[in-house]
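In: Sequence and predicted structure below; questions after.
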Amino acid sequence: MSDVEDRVRKIVVEHLGVDEDKVTDNASFIDDLGADSLDTVELVMAFEEEFGIEIPDDAAETIQTFGDAVKFIKDAQ
Amino acid sequence: MFDLTGKTALVTGASGGIGGAIARALHGAGATVVLSGTREAPLEELAKELGDRAHALPCDLSDAQAVDGLPKRVTEVAGALDILVNNAGVTRDQLFMRMTDDDWNTVLNVNLTAAMRLSKASVRGMMKSRWGRIVNITSVVGTMGNPGQANYAAAKAGLVGMSKSIAYEVATRGITVNCVAPGFIETAMTDKLNDDQKSGTLAQIPMGRMGTSDEIAAAVLYLASPEAAYVTGTVLHVNGGMAMV
């Protein structure tokens, strides 16, 4: 498990209040983890801050799952 | 009551009568205030008068880039941005049949679009801190209409719709979005009316007098306060009974 995955998972768990083992690669923030659309905006903001990157709005819309987020952040770094 | 110690407020149009009164009221309740406006000298003067916890940040609200960057400048000088008061407004009165695109665009840009940009850039930090207040200064004209002010009335009514929509979206994050709608207030803007216009106006006001900037500021102070946490998406009319809506 990579460092990026750990850090993203920590943010998701803290923000959405879900169990760590629920946060799998294919877990959709909205469908599986109970996020609403505003939560997804906040998650993206938290990722930007944690990793010091900028996630443009059109890219943010493609980040639907935990795996999407990890992949995007790894590519952006 | 109404203790804003530890909060930072940005007031646009703070060089004007109502904006200055709002800044004084928030500052008096303990907030750090950042004064914005186009005219630097009166902003600096007011900041100096208020002393501690007051900063002047001039900004041209018709310049989209400058507006987008303003909330960040506020957090740089004051550490945070908890309360946003979109007060700045301009008028370009003209009979609708003669109203130019420029008259329309100028008023919409400054009164409505700048408020949208500032709100957008401010909400981010407010969401993170789970506390925020946006107070938009509209006008009785946005509800009643006024001859010669199709542009101004449209912008002010637009602010109300925008405020309510944002209020919905951010309600769960401890952020409230409200409007204060002044009626006729003694300011430089209403000083321009001639005596006939003034007496005509007063006849429509049950209280028979114009309001003061301080009476607007008091309404803003309430909506910005922790006590108003359950009030969102509303328009507080301060107009001496001129429009009971």
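Out: Received, thanks.
In: At the contact with chain B, which residues of chain A appear?
Out: With CB under 8 Å from any CB of the partner chain as the criterion, chain A meets chain B at residues A:38, A:41, A:42, A:45. In short, each C-beta sits where N, CA and C put it, glycine included.
In: quick one, what contacts the last one?
Out: Contacts for residue A:45 were tallied using CB atoms under 8 Å, 6 or more residues apart in numbering or on different chains; they are B:124, B:127, B:128.
In: which of the residues you listed come close to chain A?
Out: B:124, B:127, B:128.
In: Residues of chain B that sit close to chain A?
Out: B:124, B:127, B:128, B:169, B:170, B:172, B:173.
In: From the centroid of the chain, which residue is nearest?
Out: Picking chain A for this. residue A:69 (4.6 Å; CA atoms, centre = their mean).
In: Chain B, not that one
Out: residue B:87 (2.1 Å).
In: burial count for whichever residue of chain B sits closest to chain A?
Out: Nearest residue of chain B to chain A (CB to the nearest CB) works out as residue B:127 at 6.0 Å. If you count neighbours by other CB atoms under 10 Å in any protein chain shown, residue B:127 ends up with 20.
In: ok but it is inside a helix, no?
Out: Yes - Residue B:127: assigned to a helix according to DSSP: H, G, I helix; E, B strand; the rest coil.
In: OK, contacts around the closest residue in space to it that isn't next to it in sequence?
Out: Nearest residue to residue B:127, sequence neighbours excluded (CB to CB, 6 or more residues apart in numbering or on different chains): residue B:173, at 4.9 Å. Contacts of residue B:173 were listed using CB under 8 Å, 6+ apart, and they are A:38, B:126, B:127, B:130, B:132.
In: Which residue is the nearest non-sequential neighbour of the fourth one?
Out: Excluding the flanking residues, the one nearest residue B:130 by CB to CB, 6+ apart is residue B:174, at 4.4 Å.
In: The one you found touches residue B:123, doesn't it?
Out: No - between residue B:174 and residue B:123 there is no contact under CB atoms under 8 Å: 11.5 Å.
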